[in-house]
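Q: can't give you the sequence, but here's the structure:
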């Protein structure tokens, strides 16, 4: 058994006046977590928008990572600009919803070119694509989206893949 000696953390950079910088606050992540908790609460209350709780997921594309972790994630398929939240519930003629979530003002970050391009690609591929700035706008988007009639894909025959491993059998 070998003991691993921890190296001390690198101190944070100092401001021009020599005082330590404050830790950055993930305003967007905090608001998005509140949105998901709200959606769970709506599901538990039986509200229509709560139906989306089981169909929504977050794509963890951002954040601080080492270069080696970032490179490994790119090899595994991570792409720049992918929207924060995806709702895999087809409604209103769309196949699903891609939502780029930004924190409420004054903490709103600008939409990056790659995020704009991803929303445009999702839209071109038949997905509802939206930018939601802040918690209240995101709630409004989800309430409106769930109010639309489900998209029925029975106009085109469903084709099952012959490739892959059967997952439906227990």
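A: Here it is on my side, so go on. What you see is a predicted model; the values in this text were computed from it and never measured.
Q: So which residues of the chain form helices?
A: Under the criterion DSSP state H, helices of the chain are mapped to 27-45, 67-75, 113-124, 135-147.
Q: lowest confidence element among the helices and strands of this structure?
A: Using mean pLDDT, DSSP states H and E, helix 67-75 stands out as the lowest-scoring helix or strand of the chain, at a mean of 84.
Q: Tell me, please, where in the protein the pLDDT is lower than the cut-off.
A: For the chain, applying pLDDT under 70 flags the ranges 1-3, 12, 62-64, 153-154, 170.
Q: Can you tell me the closest non-neighbouring residue to the residue positioned nearest the centre of it?
A: Residue closest to the average C-alpha location in the chain (CA atoms, centre = their mean): residue 84, at 2.2 Å. The shortest distance from residue 84 to any non-neighbouring residue, by CB to CB, 6 or more residues apart in numbering, is to residue 101 (4.4 Å). (C-beta placed from N, C-alpha, C; glycine too.)
Q: Enumerate every residue touching that neighbour.
A: 28, 31, 32, 35, 84, 85, 132, 138 (CB atoms under 8 Å, 6 or more residues apart in numbering).
Q: Can you name the residues bridging to it?
A: residue 132 (DSSP bridges).
Q: List the residues that contact residue 108.
A: Counting by CB under 8 Å, 6+ apart, residue 108 makes contact with 102, 133, 134.
Q: Pretty sure the last one sits against residue 109.
A: When you say that, I think you mean residue 134. No - the pair residue 134 and residue 109 fails to qualify as a contact (CB atoms under 8 Å) at a distance of 11.9 Å.
Q: what is in contact with those two at once?
A: Contact criterion CB under 8 Å, 6+ apart; residues shared by residue 134 and residue 109: 102, 103.
Q: Number of residues surrounding the nearest residue to residue 148 once chain neighbours are set aside?
A: With sequence-adjacent residues excluded and distances taken as CB to CB, 6+ apart, residue 148 is closest to residue 92, at 3.4 Å. Other residues lying near residue 92 total 14 when counted by other CB atoms under 10 Å.
Q: Was I right to think residue 92 contacts residue 146?
A: No - contact criterion CB under 8 Å: residue 92 and residue 146 do not qualify, at 9.8 Å.
Q: hang on, the earlier thing: so who does the residue nearest to the centre of the chain touch?
A: By CB under 8 Å, 6+ apart, the neighbours of residue 84 are 28, 32, 58, 59, 61, 99, 100, 101.
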